[in-house]
Structure formats: C-alpha cells, structure tokens
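Participant: Please find the sequence and the predicted model below.
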Amino acid sequence: MSENLSYVKAKSVDFEEICKLPQDAEELFYMFPKAIYPLTSSQLESAVKNRFDSTVILHDNVIVGFANFYEVNPNKYCSVGNVIVNSNFRNKGVGEFLIKTMEKIGIEKYNVSEIHLSCFNTNLKGILLYTKLGYKPYEVEKRFDQNNKLFALIKMKRIL
C-alpha cells in the first residue's frame with residue numbers, strides 16, 4: 001500500500017474532503033476535541049490557521065489522512081495533532097506513513113530531535129499505533145468532553 005501513498009501540504013480546497021474523514025462524534029473528538037460533529041470546513045479552517053504544516057496523505061490522489069503540528073519548538077520538538085485516517089484505509093499502513101511523514105517534516109524543516117503527540121485513553125487503536133512506532137507516555141492529563149465525560153489524555157513522545 002505505501003507505494004501508492006504520497007503527501008502534500010493541505011490546501012483550503014481540501015477541507016471539504018478532510019471533513020468527511022471523521023465518521024462519528026467519537027472519531028472527531030479523537031481528531032479535534034473542540035470541534036462539534038459533523039466537522040465543517042469553517043471549524044477546520046479556524047483550527048488550521050493556528051497550526052503548522054497541515055498535511056494530507058494521498059492514495060492514488062485521494063485524501064486518506066490528515067495531520068498537522070499544533071506546537072513547533074525549532075531545534076527541540078514538534079507536537080502532532082488533528083490526526084485522522086480514512087476508515088477504509090486503517091490497518092493498512094496509512095497511519096504509520098502519516099506519522100512518519102510528520103516526523104520527516106519536523107526533522108527537515110525544524111531540525112527537531114523529538115516528536116510529541118497526545119492520545120485519549122479510549123482511543124485504543126491510536127495508542128497501539130503510537131507505541132508500535134516507538135512513542136512512550138510521559139504525562140497524563142485530565143480532560144472532559146463536551147458532555148462533561150472524563151478522559152485521560154496520554155501525552156507521548158518519541159526521541160528521533
């Protein structure tokens with residue numbers, strides 16, 4: 001599958017397709033906790049303008065993944081956020097390609113030695129992917145969703 005994958009900088013014309021990636025409110029919460037389901041282009045646009053290097057993963061020129069950096073500390077670390085993979089392309093290497101792409105951008109553009117990301121305790125697939133890729137938990141933060149349900153946000157990092 002990875003031979004058919006590529007990445008490009010996300011453009012505003014991509015937002016409508018990116019908004020279709022979260023299949024339900026839970027997936028959107030994992031991707032973008034402050035958003036309200038269904039994700040709209042205006043919600044995504046407001047998030048992206050305060051972020052860095054919004055990137056789409058393409059499979060044969062179709063958007064199948066998205067992520068960006070919500071924090072950049074040049075020569076130190078970047079923090080990856082808004083991670084989502086098309087449900088039809090999960091468990092096929094797209095998530096791994098997406099995270100490795102963000103690592104590559106962090107190294108090449110910002111000369112970082114660490115990548116940080118966060119994952120909610122109920123996002124088992126995310127936790128398993130990130131640990132498979134070498135990410136280790138370093139902090140747990142108490143969070144609530146829009147219905148005041150309690151979650152643990154597991155902050156993870158990988159030394160590059």
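Facilitator: Ah, there it is.

Participant: okay, and for the protein, where does confidence drop off?
Facilitator: For the chain, applying pLDDT under 70 flags the ranges 1.

Participant: what ranges do the helices span in it?
Facilitator: 15-19, 25-31, 41-48, 94-110, 124-132 (DSSP state H).

Participant: nearest to residue 67, of those helices?
Facilitator: Nearest to residue 67, of all the helices of the chain, is helix 94-110, at 5.4 Å by Cβ to Cβ. The C-beta positions use only the backbone N, C-alpha and C, and glycine is treated the same way.

Participant: by contact count, what packs against that closest one?
Facilitator: When contacts are defined as 3 or more Cβ pairs under 8 Å, 6 or more residues apart in numbering; DSSP states H and E, helix 94-110 packs onto strand 5-9, strand 52-59, strand 62-73, strand 77-85, strand 114-120, helix 124-132.

Participant: Report the separation between residue 65 and residue 98.
Facilitator: Computed as Cβ to Cβ, to the nearest Å, the residue 65 to residue 98 distance reads 4 Å.

Participant: which neighbours do the two share?
Facilitator: 57, 83, 85 (Cβ atoms under 8 Å, 6 or more residues apart in numbering).

Participant: Surely the second one is in contact with residue 66?
Facilitator: Yes: at 7.5 Å, residue 83 counts as touching residue 66 under the criterion of Cβ atoms under 8 Å.

Participant: Among these two, which residue is more densely surrounded?
Facilitator: Using other Cβ atoms under 10 Å, the more surrounded residue of residue 83 and residue 66 is residue 66, with 27 against 23.
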